[in-house]
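> Any chance you could fold what I've pasted below:
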Amino acid sequence: MVVTGILKKFKAMIISIAAVIISIGSWNDTETVLVNTYQKIKATWTNENEYLLISKITVGHSFDYVKLQSGLPQAVKSSSIDSQVQFNYFNYGKFMLSVAVKESRVAAYSIQALNTDFSPSIPYVGYKLFDESLKDIISSPDDSHFESGSSNYYIDVMELGRDAMFHQLMVGMYNYNTAQSISNETIQLLDQAYVLGDDASFNQYKNKLRENQINTFTVSELPRDVMLEMMLTKFEFNTYFS
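Residues are numbered from 1 along each chain as shown. Alright, predicted model coming up:
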């Protein structure tokens, strides 16, 4: 892997630098320099820190615990459907973390990759974002949701069983940039076919969308309409994070 090779080269370089520093200074100072340098390299050239953060977040955690891991949210909005639910948004550049909080605990969380080389694991299914097509990840969805216009997304839903506390997994594609992928045009055509009641075209476009790789997943114990409300519109995304 290219990144692994880069890290090996940097490690070799750090060892060489360490030898020089040790010869003229103390080991304590050298150790601090090396640790800081390695952490900066790992943060820049790998996604390890981000994957570790995501692995620590689950439905049921206290929101205080999440903030200890992630820091404070950059944007917050309240649900218009459930007044007890608050949506919190963290933009890390590589990905966006959205957390729905109810009664001080995580009731749902969503990961959306903002770069195609960011591929965290999707809970419960053994796949990663940008790993396989949506139809491979969820072969028979329990439900589907889509929208074009102020938001562009297509989401399949899978009800999880007893081992996952009967939560639901929502997986799909969600694009803020109209030039981001051809899936935007297909979502628009799917929406039009639905409005016109054209079942043949609707199924055609739906199957086409499900052949795409996906960039987002959500794990939730909340009703689906609340979860769809957590998705930011293009205007909201640009307003909060531009």
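> How is this protein divided into domains?
Here the domain parsing of the chain from automatic domain parsing is 2-45, 58-241.
> What is the end-to-end distance of the longest one?
Meaning domain 58-241. In domain 58-241, first residue to last residue: 25 Å (C-alpha to C-alpha, to the nearest Å).
> what mean pLDDT would you report for it?
For domain 58-241, the mean per-residue pLDDT is 93.
> so what's the residue nearest in space to the middle of the chain up against?
In the chain, the C-alpha nearest the mean C-alpha coordinate belongs to I111, at 2.0 Å (C-alpha atoms, centre = their mean). Residues near I111 by C-beta atoms under 8 Å, 6 or more residues apart in numbering: 54, 95-97, 120, 129, 216-218. Backbone N, C-alpha and C define where each C-beta goes, glycine included.
> re the thing from before, among the domains of the chain, which is the most enclosed?
The highest mean neighbour count among the domains of the chain, using mean count of other C-beta atoms under 10 Å, belongs to domain 58-241: a mean of 17.
> name the element the residue nearest to the centre of the chain belongs to?
strand 105-113 (DSSP states H and E).
> rewinding a little: okay, and which of the contacts of I111 map to helices?
Among these, the ones falling in helices (DSSP state H) are I54.
> Would you mind putting the contacts of I111 into CSV with distance to Y154 alongside?
Conversion of these to CSV gives the following (distance: C-beta to C-beta, whole Å):
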residue, distance to Y154
I54, 22
F95, 19
M96, 18
L97, 21
P120, 20
L129, 15
T216, 10
F217, 13
T218, 13
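> So which residues of the protein form strands?
75-78, 85-91, 95-102, 105-113, 121-122, 127-128, 143-147, 152-159, 168-175, 216-220 (DSSP state E).
> can you give me the angle the third one makes with strand 216-220?
Relative orientation of strand 95-102 versus strand 216-220 (axes from the mean of the first three to the mean of the last three C-alpha atoms, to 10 degrees): 20 degrees.
> partner strands of strand 95-102, parallel or antiparallel?
strand 85-91 (antiparallel), strand 105-113 (antiparallel) (DSSP bridges).
> That's all I had, so thanks and see you.
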